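A.B. asks: Could you look at this predicted model? Sequence included:
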Amino acid sequence: MFDAIDPKTEDLKGKLTAFMAAHVYPNEKQLLDEGRAEGRWTHTPLMRDLQAKARAQGLWNLFYNHGPEGQGLSNYQYTHLCVVLGRSLAAPEIFNCNAPDVGNMEILATYGTDAQKARWLKPLLAGDIRSCFAMTEPAVASSDATNIETRIERDGDDYIVSGRKWWTTGAMAEACKVAIVMGKSDSAAPRHQQQSMILIPMDAPGVRVERPLSVYGFQHPPLGHAEVVFEGVRVPAGNVLLGDGRGFEIAQGRLGPGRIHHCMRFIGLAERAIEEMCARAQDRAAFGSQLAAMGGVRQVIGQCRTELEAARLMTLKAAWAMDRHGNKAARDEIAMAKIFVPTVTGQIIDRAIQIHGGAGLSEDFFLAMAFAETRFLRIGDGPDEVHREALARAELKRATARTEELST
Ligand SMILES: Cc1cc2nc3c(=O)[nH]c(=O)nc-3n(C[C@H](O)[C@H](O)[C@H](O)COP(=O)(O)OP(=O)(O)OC[C@H]3O[C@@H](n4cnc5c(N)ncnc54)[C@H](O)[C@@H]3O)c2cc1C
């Protein structure tokens, strides 16, 4: 059932696969290396050139289904494409399908006013600007977003925003022109209605990008992850998204698709890791035997394929459930995939590193960076424990309902 793919998706998948072979893999190293050179927070001419090529071929905004700027695909259809572009860490941005811009575009398309869409969504969909999403704060445990301390205070026709954020992905990029900031606007309101989200231009007085953060030493240029300070930043009241106190509602809406997109990309990354693991094992010999002929190595390969198939099916099921029942009703499927897929794909990449020996740890291969990427997602978009807790809550609620039903 979960292999069924319609002609339109099949066609796009064929084009995307060909594009990856012709333009992405041959340029991957240069794309990732160039970013580290001088001026690393800029989009290089090579990236811009590949984006233009992708756009010309209709391989642009593949995730987007709110208007003619995208391909109008369902989550299920998009999964089949996202696993292809997920094979290279350099690829998502070439197709304007990268985090956090995808999530931010979803927010603007779903909750933005016409004026907000015209100012920010339009250039984001065109790839002319980048954006960031600032929720996490260094001073508080941000996996519980009710802890957030950034203040969003009304002052006449404006809001004044003050707070310190970190791990704000995308904020290092020179092209990053807008932040969606989550903060507290009413501490007296019910717990999940105290927070709002507000659009802040990155060049507004009082916005200060303080430093880049790295993940196992990788700084992920040109977008990067930053510590950002908002010091008495004044913006018009019209910059609030959806309305005062509705930040949590937006966060839930944003994170569902965002989480599953990460899972889709990781399936592609792990698929490539298995391919390279097999190629390496067939190419090298030790102690008089090809690595691929050794029982221990063969067990690893078999285990990787088994786990990846489970991860793939969970991701497809979650995407299908989102299409069929809506993001909210699919929250358990999304949570299960979000827990399982990064762990399993991280293990697969780790085993591929082991089979590559020292080479696997070097940056001559994509594996080290891929490992860092999968490791981050066991914390990013909510740590695994928080998702398990939500699943347990739902499970126990069902158990209580069953018991009550039996006793009546
Ligand atoms: C590479 C990267 C990119 C990121 N990008 C962004 C971004 O663009 N925007 C943004 O706002 N944030 C971003 N984040 C931040 C990320 O979402 C947070 O780190 C995450 O939500 C956890 O918050 P915290 O770091 O404050 O951990 P804390 O809240 O301090 O939690 C620490 C640990 O406590 C444990 N824990 C927490 N709750 C429970 C529980 N209920 N049961 C058991 N154990 C629990 C978990 O082990 C958890 O990892 C990014 C993070 C990384 C690493």
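C.D. replies: Arrived safely. Numbers count the residues shown, from 1 in each chain.
A.B. asks: Every contact and neighbour count from this point should use C-alpha atoms.
C.D. replies: Noted.
A.B. asks: Quick one: the strands in the chain, in order.
C.D. replies: For the chain, applying DSSP state E gives strands covering 130-134, 151-155, 158-169, 176-184, 195-201, 207-213, 225-236, 285-286, 289-290.
A.B. asks: Quick one: closest of these to Val386.
C.D. replies: Set against Val386 and scored by C-alpha to C-alpha, the strands of the chain come closest in strand 158-169, at 18.4 Å.
A.B. asks: Quick one: check that closest one for contact with the ligand.
C.D. replies: Yes - legend: contact between strand 158-169 and the ligand by C-alpha under 6 Å from any ligand atom is shown at Trp167, Thr168, Thr169.
A.B. asks: Other residues contacting that strand?
C.D. replies: With contact meaning C-alpha atoms under 8 Å, 6 or more residues apart in numbering, strand 158-169 is reached by 100, 132-138, 149-154, 213, 223-237.
A.B. asks: among these, which ones are buried?
C.D. replies: 100, 132-137, 149-154, 213, 223-237 (16 or more other C-alpha atoms under 10 Å).
A.B. asks: Quick check: which of those residues are also close to the ligand?
C.D. replies: Filtering those for proximity to the ligand by C-alpha under 6 Å from any ligand atom leaves Phe133, Ala134, Met135, Thr136.
A.B. asks: would a markdown table of these with pLDDT be doable?
C.D. replies: Listed next are these as a markdown table, based on pLDDT from 0 to 100:
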| residue | pLDDT |
| --- | --- |
| Phe133 | 97 |
| Ala134 | 98 |
| Met135 | 97 |
| Thr136 | 98 |
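A.B. asks: give the contact list for Val207.
C.D. replies: Val228, Val229, Phe230, Glu231, Val233.
A.B. asks: nearest to the ligand, of the residues you listed?
C.D. replies: Val228 (10.8 Å; C-alpha to the nearest ligand atom).
A.B. asks: doesn't Arg208 make contact with that closest one?
C.D. replies: Yes - the criterion here is C-alpha atoms under 8 Å, and Val228 meets it with Arg208 at 5.7 Å.
A.B. asks: interface residues of the chain facing the ligand?
C.D. replies: Counting by C-alpha under 6 Å from any ligand atom, the chain sits next to the ligand at 133-136, 141-144, 167-169, 376, 379-383, 385-386, 389.
A.B. asks: Make a PyMOL selection of the buried ones in the residues you listed.
C.D. replies: The following PyMOL command selects only the buried members of the residues of the chain next to the ligand, with burial defined by 16+ other C-alpha under 10 Å:
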select buried, resi 133+134+135+136+143+167+168+169+381+382+386
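A.B. asks: tell me the contacts of the residue lying closest to Tyr111 once chain neighbours are set aside?
C.D. replies: Distance criterion C-alpha to C-alpha, 6 or more residues apart in numbering; nearest residue to Tyr111, sequence neighbours excluded, is Leu242 at 5.6 Å. Leu242 sits next to Tyr111, Gly112, Thr113 when contact means C-alpha under 8 Å, 6+ apart.
A.B. asks: Low-confidence stretches in the chain?
C.D. replies: Along the chain, the parts satisfying pLDDT under 70 run over 1-2, 35, 37-38, 255.
A.B. asks: Return the residues in contact with the residue lying closest to Pro201 once chain neighbours are set aside.
C.D. replies: Distances taken as C-alpha to C-alpha, 6+ apart put Val178 closest to Pro201, at 4.4 Å, once the chain neighbours are dropped. Val178 makes contact with Trp120, Arg130, Ser131, Cys132, Leu199, Ile200, Pro201, Met202, according to C-alpha under 8 Å, 6+ apart.
A.B. asks: buried subset of the residues you listed?
C.D. replies: Burial by neighbour count, judged by 16+ other C-alpha under 10 Å, picks out Trp120, Arg130, Ser131, Cys132, Leu199, Ile200, Pro201, Met202 from these.
A.B. asks: burial of Asp364, as a residue count?
C.D. replies: 10 (other C-alpha atoms under 10 Å).
A.B. asks: for His356, that is, sorry about that
C.D. replies: 21.
A.B. asks: Report how many residues lie close to the residue nearest to it when sequence neighbours are not counted.
C.D. replies: Nearest non-adjacent residue to His356, counting by C-alpha to C-alpha, 6+ apart: Arg280, 6.5 Å away. Arg280 is flanked by 18 other residues according to other C-alpha under 10 Å.
A.B. asks: Same question for Pro26.
C.D. replies: Close neighbours of Pro26, defined as other C-alpha under 10 Å, add up to 11.
A.B. asks: how far away is it from Ala237?
C.D. replies: 47 Å (C-alpha to C-alpha, to the nearest Å).
A.B. asks: what's the answer for Gly112, then?
C.D. replies: Using C-alpha to C-alpha, we find Gly112 at a distance of 13 Å from Ala237.
A.B. asks: Glu210 too?
C.D. replies: Distance from Glu210 to Ala237, by C-alpha to C-alpha: 26 Å.
A.B. asks: same thing with Gly302?
C.D. replies: Counting by C-alpha to C-alpha, the gap from Gly302 to Ala237 is 57 Å.
A.B. asks: what's the answer for Glu153, then?
C.D. replies: In terms of C-alpha to C-alpha, Glu153 sits 10 Å off from Ala237.
A.B. asks: Please report how far Ala188 lies from the ligand.
C.D. replies: Applying C-alpha to the nearest ligand atom, to the nearest Å, the value for Ala188 to the ligand is 23 Å.
A.B. asks: so that residue touches Gln194, yeah?
C.D. replies: Yes - contact criterion C-alpha under 8 Å: Ala188 and Gln194 qualify, at 7.1 Å.
A.B. asks: When those two are compared, which one has more neighbours?
C.D. replies: Higher neighbour count among Ala188 and Gln194: Gln194, with 20 against 8, using other C-alpha under 10 Å.
A.B. asks: Got phi/psi on the more buried one?
C.D. replies: phi -80, psi -20 (degrees, to the nearest 10).
A.B. asks: hang on, it packs against Met182?
C.D. replies: No - if you go by C-alpha under 8 Å, Gln194 and Met182 don't touch, sitting 10.4 Å apart.
A.B. asks: Excluding chain neighbours, what is closest to Tyr64?
C.D. replies: Gly70 (4.6 Å).
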